[in-house]
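Student: After the sequence you'll find the predicted model.
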Amino acid sequence: MNLDKLIDLLLQKGFTAVTGAVGLKLILIDGMMAGDDRLEILIIGALLLSVATAISYLSWKTRVTIKHQKSIVADKGIADELAENP
């Protein structure tokens, strides 16, 4: 399994969406209605939202890097072909 397939699996299964939604729910709904546990709930919600954001960013950055590397390899291949057959 390569990195691109792993990113697809994470995004297809909705891991980041569910994690972000749960974090947002904890912050907006449960954190505002909580009594004594308010701070802990807000911290957990912020942590989940941060994890979802970090995973989304890293998967996006990895996809961009992979596409850029493939583009460089393709450009080099075309340049080599043109050098051989002017």
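Tutor: Nice, I can see it. Note that the structure is predicted; figures quoted are calculated from it, not measured.
Student: element containing the residue nearest the centre of the chain?
Tutor: The centre of the chain sits closest to Ser56, judged by CA atoms, centre = their mean, with a distance of 1.8 Å. Using DSSP states H and E, Ser56 falls within helix 38-84.
Student: and that helix, how far from the chain's centre?
Tutor: 7 Å (CA atoms, centre = their mean, to the nearest Å).
Student: Now for the residue lying closest to Ser56 once chain neighbours are set aside: which residues touch it?
Tutor: Nearest residue to Ser56, sequence neighbours excluded (CB to CB, 6 or more residues apart in numbering): Thr16, at 4.9 Å. In short, each C-beta sits where N, CA and C put it, glycine included. Residues near Thr16 by CB atoms under 8 Å, 6 or more residues apart in numbering: 10, 52, 55-56, 59.
Student: Likewise for Ala79?
Tutor: Contacts of Ala79 by CB under 8 Å, 6+ apart: none found.
Student: quick one: pLDDT of it?
Tutor: Looking at Ala79, its pLDDT stands at 84.
Student: same check, this time on the one 5 residues further on
Tutor: With respect to pLDDT, Glu84 scores 79.
Student: just Ile55 next, same as before
Tutor: For Ile55, the predicted pLDDT is 83.
Student: Settle this for me: it is touching Phe15, isn't it.
Tutor: Yes. Using CB atoms under 8 Å, Ile55 is in contact with Phe15, at 7.0 Å.
Student: Which secondary structure element of the chain has the lowest mean pLDDT?
Tutor: Every helix and strand of the chain was ranked by mean pLDDT, DSSP states H and E. The lowest is helix 3-12, at a mean of 67.
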